[in-house]
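quick one, fold the following:
(2 chains)
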Amino acid sequence: MNRAIAAAERPGAATPAIEVSDLTVAYRERPVLWDVDLSVPSGILMAIVGPNGAGKTTLMKAILGLIRPAAGRVLVHGRPGGEQRRLVAYVPQRGSVDWDFPTTVLDVVTMGTYGALGWVRRPGRRERERALAAIAKVGMQDFVGRQISQLSGGQQQRVFLARALAQDAQVFCMDEPFQGVDARTERAIVALLQDLRAAGRTVVVVHHDLQTVPEYFDWVTLLNVRRIASGPVADVFTERNLRLAYGGRVAFLARDPGSGPDPATSEGGRGRA
Amino acid sequence: MTAPQLEIQAIAVVTAIACAMPGVFLVLRRMAMLSDAISHSILLGIVLAFFATRDLTSPWLVFAAAVTGVATVSLVELLQRTGRVREDAAIGLVFPALFSAGVILISRHAGGVHLDTDAVLMGELAFAPFDRLVVAGRDVGPRALWMMGGILALNGLLTAVFHKELKLATFDAGLAAALGFAPAAVHYGLMSVVSLTAVGAFDAVGAILVVALMIGPPAAAYLLTDRLSAMIGLSALLGAVAAVAGYWVAHALDASLAGCMAVMTGALFALALLLAPERGLLVAARRRQRQRWDFALAMLAIHLAQHEGQPDEHVECLPDHLSDHLRWAPDFAARVVDLARRRDLVVERAGLLALTEAGRDLARAAMVR
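Model (predicted):
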């Protein structure tokens, strides 16, 4: 049923890139996601936003098949996520790995090609070339042999991005790629994400900065344990939905030219519930 | 060198290299203490299997010990998952209990058997050449050498074949899972290898040396290189050096072989810590020292640049006043001025310090940075 709706929304895109239905995830009987339905059409750039603890990273991990949901299912391009691993590239939070690990930029980016290689087979010249091409795309070609601890935060993020590019996936899942990077790197990353969208790929980004949502993304999902709203930014990134997602704690309200929210009332508001 | 001497060293070197390979991944995964836990708790497995088979040479002993090693890791993780105990405490709870259970069983029921607690901790490397492996009536060498040689071959094969999987699961378990590489399976595979290696090395070299060889050389190699394969190779080399050096130290002192070898792994690590080319403490101290002088020179250059040609020039640019204005001790100020003069950053004109062109460049560069 959801599939039919998505197809109607986007003529030409037969199956949605990601289809989440009735997804409930709980840690120790505490629900982190309640009954989430989501249909992400192919070829869009989508932000997942919501307050801390809203389950943004959990939703992403469920899409990647990294956690087992209590209920519900995830389809990637029409088939269960577990069968579609190679179609999905994952850019975890930068802090999730040990940057003192004895390895180089080229080595880390080559890891993106491991999925296509499968067990035991070693990366060869083709994988190396793919990795080098990905490194060039993120402008890190001068750092190929550099030990990864000697990189700045923004450079590390670009290495992670290159690793995902080397995977040559259809769907890209990124967990806060702009965290701790400078403005220039952020713009460079956004340009890359928009290139991916132009190439027909689907990009899903856990995002924190509400200000930049309309500028960077064309699709948005507002999440707070439940799905508050999901759809084109112009339709669903509204003051009403933001209030629903963030309670009174919205530090920023959408600058809808029509509805004209009053930013002065936004901060503080009702405070923490 | 006599044949037994050579054989003892060969056993120690082979053991060191076999231990270094899984050791590298233990160190990188911050699980070094698990080697301690495993190498002790396997005693319980050995004792239980001995009671079942009544044969100290039975392969079931090795199997049971390896299973106990993996069970130790599972128990630690189980305790951790309750959320009531942290990992270090969980390790400290599990292995002494299992090890002591083994010790009690030995002292109660295995009095007359060659299984005693001293040998468990320090091994009996000196006697290893007397335990020969005889195949079809022919003596083919010490049993321990064949045992450790086999484990070395296995570890080398596994490390080579699963290099990519080990690297990915160690560096980024999340991506490994997302790409379908089952990091949990890799984890338990590694733990099995650690257990098996500990069991094999246990009889010959004892639990303490197993831990020393698994952790010391990789920890030293980690300071010396920033490539994973180089780290594995260096760990093997350092382990072998510690084994041979330890043998000769023990020989000279007439002391415990395993003890001296373990001390040598510590000594090699201390050397690496001091002298490593990039991360060594000496290099770091020298780097800090150089930065201190560079910073002082930049401060001097900026100070002079600010006051050159100003009305207060005759006070601010007086060498003797620097200690007041830059909060430097007088002799430090004198040394900085001296260094600046030698580097042609300043000259003294009519008793006042003046920047040269190079000095002005330095001040400009320091301020825009």
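
what residues does the stretch 51-200 of chain A put near chain B?
A:64-66, A:85-86, A:88, A:90, A:92, A:96-98, A:101-104, A:107-108, A:111, A:114-115, A:117, A:119-120, A:122-123, A:147, A:149, A:163 (CB under 8 Å from any CB of the partner chain). Backbone N, C-alpha and C define where each C-beta goes, glycine included.

swap the cut-off to 6 Å and go again
Applying CB under 6 Å from any CB of the partner chain, we find that the stretch 51-200 of chain A lies next to chain B at A:64, A:66, A:85, A:90, A:92, A:96-97, A:101-103, A:111, A:114-115, A:120, A:147.

what residues are up against the closest residue to chain A within the stretch 1-150 of chain B?
Nearest residue of the stretch 1-150 of chain B to chain A: residue B:28, at 6.5 Å (CB to the nearest CB). Contact analysis of residue B:28 by CB atoms under 6 Å, 6 or more residues apart in numbering or on different chains lists residue B:170.

ok, back up a step: of all pairs in the residues of the stretch 51-200 of chain A next to chain B, which one is the farthest apart?
Within those, A:85 and A:147 form the most distant pair, 29.0 Å apart (CB to CB).

next one: residue B:349, what pLDDT does it get?
If you check residue B:349, the pLDDT there is 81.

then residue B:335?
89.

what's the local residue count around it?
Residues within reach of residue B:335, counting by other CB atoms under 10 Å in any protein chain shown, total 14.

so it sits in a strand?
No. Read with DSSP: H, G, I helix; E, B strand; the rest coil, residue B:335 is helix and lies in no strand.

check the offset of stretch B:250-257 from the chain's centre.
24 Å (CA atoms, centre = their mean, to the nearest Å).

ok, the residues of the stretch 51-200 of chain A next to chain B vs residue B:181, which is closest?
Using CB to CB, residue A:114 is the member of these that lies nearest residue B:181, at 7.1 Å.

quick one: list the elements packing against the helix or strand where the closest one lies.
Using DSSP states H and E, residue A:114 maps to helix A:114-117. Packing partners of helix A:114-117 (3 or more CB pairs under 6 Å, 6 or more residues apart in numbering or on different chains; DSSP states H and E): none among the helices and strands.

list the contacts of that helix.
A:86, B:168, B:179.

show me where the stretch 101-250 of chain A has helices.
A:105-110, A:114-117, A:125-137, A:153-166, A:183-198, A:213-216, A:233-236, A:239-246 (DSSP state H, counting those that start in this stretch).

for residue B:246, which of the ones you listed is the nearest?
Once the helices of the stretch 101-250 of chain A are compared by CB to CB, helix A:105-110 is nearest, at 34.0 Å.

let me see the contact set for the residue nearest the centre of chain B.
For chain B, the residue nearest the mean C-alpha position is residue B:219 (1.6 Å; CA atoms, centre = their mean). Listed by CB under 6 Å, 6+ apart, the contact partners of residue B:219 are B:27, B:269.

so which residues of the stretch 51-200 of chain B form helices?
B:59-81, B:87-109, B:117-122, B:143-161, B:163-171, B:173-178, B:183-224.

tell me which of those sits most buried.
Across the helices of the stretch 51-200 of chain B, averaging neighbours per residue (mean count of other CB atoms under 10 Å in any protein chain shown) puts helix B:183-224 on top, at a mean of 25.

give the buried residues for the helix or strand just after that helix.
Going down the chain from helix B:183-224, the next helix or strand is helix B:228-253, by DSSP H and E. Going by neighbour count (16 or more other CB atoms under 10 Å in any protein chain shown), the buried part of helix B:228-253 is B:228-229, B:231-236, B:238-247, B:249-250.

which of the residues you listed are close to chain A?
Within these, those near chain A by CB under 6 Å from any CB are B:228, B:231.

now do the SS call for the residue of chain B most remote from its centre.
Ranked by distance from the centre of chain B (CA atoms, centre = their mean), the top residue is residue B:311, with 60.7 Å. Put simply, residue B:311 is coil when judged by three-state DSSP.

got it, and residue B:348?
strand.

if I pick it, what's in contact with it?
Contacts of residue B:348 (CB under 6 Å, 6+ apart): none.

for it, name its beta-bridge partners.
Taking DSSP bridges as the rule, residue B:348 bridges to residue B:353.

from chain A, how far out is it?
Counting by CB to the nearest CB, to the nearest Å, the separation of residue B:348 from chain A is 41 Å.

now residue A:57. Nearest residue, chain neighbours left out?
residue A:175 (5.7 Å; CB to CB, 6 or more residues apart in numbering or on different chains).

need the pLDDT of the one you found.
92.

one more: residue B:358?
On the pLDDT scale, residue B:358 gets 89.

do the one 3 residues further on as well
The model reports residue B:361 with a pLDDT of 89.

give me the low-pLDDT residue ranges for the stretch 101-250 of chain A?
By pLDDT under 70, the low-scoring segments of the stretch 101-250 of chain A are A:248-250.

coming back round to it: from the residues of the stretch 51-200 of chain A next to chain B, keep the buried residues only.
The buried subset of these - by 16+ other CB under 10 Å - is A:64, A:66, A:85, A:90, A:92, A:97, A:101-103, A:111, A:114-115, A:147.

tell me, how many residues neighbour the residue of the stretch 51-200 of chain B found nearest chain A?
Ranked by CB to the nearest CB, the top residue of the stretch 51-200 of chain B for proximity to chain A is residue B:179, at 3.8 Å. Taking other CB under 10 Å as the criterion, the count of residues near residue B:179 is 27.

same check, this time on residue A:194
Residue A:194 has 15 neighbouring residues, counting by other CB under 10 Å.

measure the residue in the stretch 251-369 of chain B positioned nearest to chain A to residue B:226 for me?
At 9.1 Å from chain A, residue B:278 is the closest residue in the stretch 251-369 of chain B, using CB to the nearest CB. Going from residue B:278 to residue B:226 by CB to CB, to the nearest Å gives 8 Å.

so these two - more neighbours on which side?
residue B:226 (21 against 13).

correct me if wrong: that one contacts residue A:146.
No. Between residue B:226 and residue A:146 there is no contact under CB atoms under 6 Å: 9.2 Å.

out of the buried ones among the residues of the stretch 51-200 of chain A next to chain B, which are inside strands?
Per DSSP state E, strands hold the following members of those: residue A:90.

can you put the buried ones among the residues of the stretch 51-200 of chain A next to chain B in CSV and add distance to residue A:219?
Conversion of those to CSV gives the following (distance: CB to CB, whole Å):
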residue, distance to residue A:219
A:64, 19
A:66, 23
A:85, 23
A:90, 19
A:92, 22
A:97, 28
A:101, 35
A:102, 40
A:103, 35
A:111, 29
A:114, 30
A:115, 26
A:147, 38
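
tell me which residue lies nearest the centroid of chain A.
Among the residues of chain A, the one closest to the centroid is residue A:205, at 2.4 Å (CA atoms, centre = their mean).

just give the nearest non-adjacent residue to that one, would you?
That would be residue A:174: by CB to CB, 6+ apart, it lies 4.7 Å from residue A:205.
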